[in-house]
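*Asks:* Here's a sequence, model it:
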Amino acid sequence: MIKSYSWSASAVSPTEFFNCFCPGTSIACYGFNNECKARKRRNEKKFEEKFLKAKDGTEICYVDEGEGRPIIFVHGWTSDKSSLVNTYGRSIVDAGFRFIAFDLRASDNTSLSNTRPVTLLLIAEDIHTIIETLNLQDVTLVGHSQGGKDVIAYEQVYGNEYLHSLCLMDTTPCTHQEEGFGYATRFDSYTKEQSDKDIASIRESSLDFFAEITQKGSPDLTLDEAREAAKKRLAHQHLPEAVDLYESSNSLDLRPGVEAINVPTAYMYAAKGTLIHPEIYKWYAEISSQIIIRYHLILQCMNFTLFRN
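*Replies:* Next up, the predicted model:
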């Protein structure tokens, strides 16, 4: 039976979201208040960073804390695991789950990739390596933005043998506007031609490009704040590999993968503060009868919160 939930901004409850997978669980996600201000972190021990080897020998940096059923978080493009650790990590562990997050290739403390180009399918392979290396079962995969596409790619390639459920946050399976699909990145106006121009812009002036896209994704930021946020993001990235991922994400159409999903799946998006068409939840709701749980969460500004965290 298909379930659909719709809440106004004042009714958003991370607890209710996680209850879809784990009834009776109480989780308070730091940073997700209606004013969208990152809450001050408590004085607590930081999660220990660990490393494992990908199939090509690349050193993947990850955190693995807590016990119970595992939830793996996959961050978005030019982000890193810290935004997800700071927003969700302690809450997940305190609720009795095992919290896992990792730096994608090109990001923060994961080593330079031994394989080029870096693609979504390569990231999906890394997710599978983490699951196999840590001997995980009954996994919930949570992907934000491009991380959501990594999650879709994983399920499409590796199936659901190890999966309990999925959560896609501010994610579109197809970056460009296509015939019959009007839910692309940046509402419905993003084309392949624009993507090619953006790739050239990244190479020519990465800071200007990231400042612009940061402000579009976080409209509550001023231009100066967006530039500062962009500097911080770039400081934790290896640009050539980040461009690889951008090209891969923009060229790979994962709509067939969404149609094939057959585990409980939630979709979260921000009515404000997203680069994704705000009504894409309708497409998710219509495309597959196998997606048995769907959420339409209107958050104040998801990307802004993650940037600040």
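
*Asks:* which stretches of the chain form strands?
*Replies:* Ranges of strands in the chain, per DSSP state E, are 3-7, 49-53, 59-65, 70-74, 98-102, 139-144, 163-169, 265-270, 293-299.

*Asks:* out of those strands, which comes closest to residue 212?
*Replies:* strand 265-270 (18.5 Å; Cβ to Cβ). All C-beta spots, glycine's among them, are computed from the backbone N, C-alpha and C.

*Asks:* The closest one: partners in the sheet, and parallel or antiparallel?
*Replies:* Using DSSP bridges, the strands paired with strand 265-270 are strand 163-169 (parallel), strand 293-299 (parallel).

*Asks:* Just give me the lowest mean pLDDT stretch among the ones you listed.
*Replies:* Looking at the strands paired with strand 265-270, the lowest mean pLDDT belongs to strand 293-299 (a mean of 47).

*Asks:* I figured residue 113 was touching residue 60, is that so?
*Replies:* No - applying Cβ atoms under 8 Å, one finds residue 113 not in contact with residue 60, separated by 10.1 Å.

*Asks:* Overlap in contacts, these two.
*Replies:* Residues within reach of residue 113 and of residue 60 at once, by Cβ atoms under 8 Å, 6 or more residues apart in numbering, are residue 105.

*Asks:* quick one: average pLDDT of stretch 46-54?
*Replies:* 94.

*Asks:* CA atoms only: put it into PDB for me.
*Replies:* What follows is stretch 46-54, C-alpha atoms only, in PDB (Å, rounded to 0.1, in the frame of the first residue of the first chain):
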ATOM      1  CA  LYS A  46      34.000  13.900  17.900                       C
ATOM      2  CA  PHE A  47      33.400  10.800  15.800                       C
ATOM      3  CA  GLU A  48      36.700   9.000  15.100                       C
ATOM      4  CA  GLU A  49      37.700   9.000  11.400                       C
ATOM      5  CA  LYS A  50      38.700   5.600  10.000                       C
ATOM      6  CA  PHE A  51      39.900   4.400   6.600                       C
ATOM      7  CA  LEU A  52      39.200   1.500   4.300                       C
ATOM      8  CA  LYS A  53      40.500   0.600   0.900                       C
ATOM      9  CA  ALA A  54      38.200   0.800  -2.200                       C
END
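
*Asks:* Now it: buried residues?
*Replies:* 47, 52, 54 (16 or more other Cβ atoms under 10 Å).

*Asks:* contacting residues for the first one?
*Replies:* Read it as residue 47. 63, 65, 85, 89, 99.

*Asks:* Closest to residue 209 out of these?
*Replies:* Nearest member of these to residue 209, counting by Cβ to Cβ, is residue 85, at 26.1 Å.

*Asks:* per-residue confidence for the closest one?
*Replies:* 91.

*Asks:* neighbours around it, how many?
*Replies:* For residue 85, the tally of surrounding residues (other Cβ atoms under 10 Å) stands at 21.

*Asks:* try residue 197
*Replies:* Quick note: residue 197 (other Cβ under 10 Å) scores 11 neighbours.

*Asks:* Give me the spatial nearest neighbour of residue 207, chain neighbours excluded.
*Replies:* Of all residues not flanking residue 207 in the chain, residue 230 sits nearest, at 5.8 Å (Cβ to Cβ, 6 or more residues apart in numbering).

*Asks:* my read: the one you found touches residue 216, true?
*Replies:* No - with contact defined as Cβ under 8 Å, residue 230 does not reach residue 216; the gap is 11.6 Å.

*Asks:* If residue 61 is in a bridge, with which residues?
*Replies:* Beta-bridge partners, per DSSP bridges, of residue 61: residue 51.

*Asks:* List the residue ranges of the stretch 51-200 of the chain that fall below the pLDDT cut-off.
*Replies:* For the stretch 51-200 of the chain, the stretches with pLDDT under 70 are 186-189.

*Asks:* For residue 150, see how far away the nearest residue to residue 99 once chain neighbours are set aside is.
*Replies:* Among residues not flanking residue 99 along the chain, residue 92 sits closest, at 4.1 Å (Cβ to Cβ, 6+ apart). Per Cβ to Cβ, to the nearest Å, residue 92 is found 19 Å from residue 150.

*Asks:* Quick check, central residue of the protein?
*Replies:* residue 144 (1.5 Å; Cα atoms, centre = their mean).
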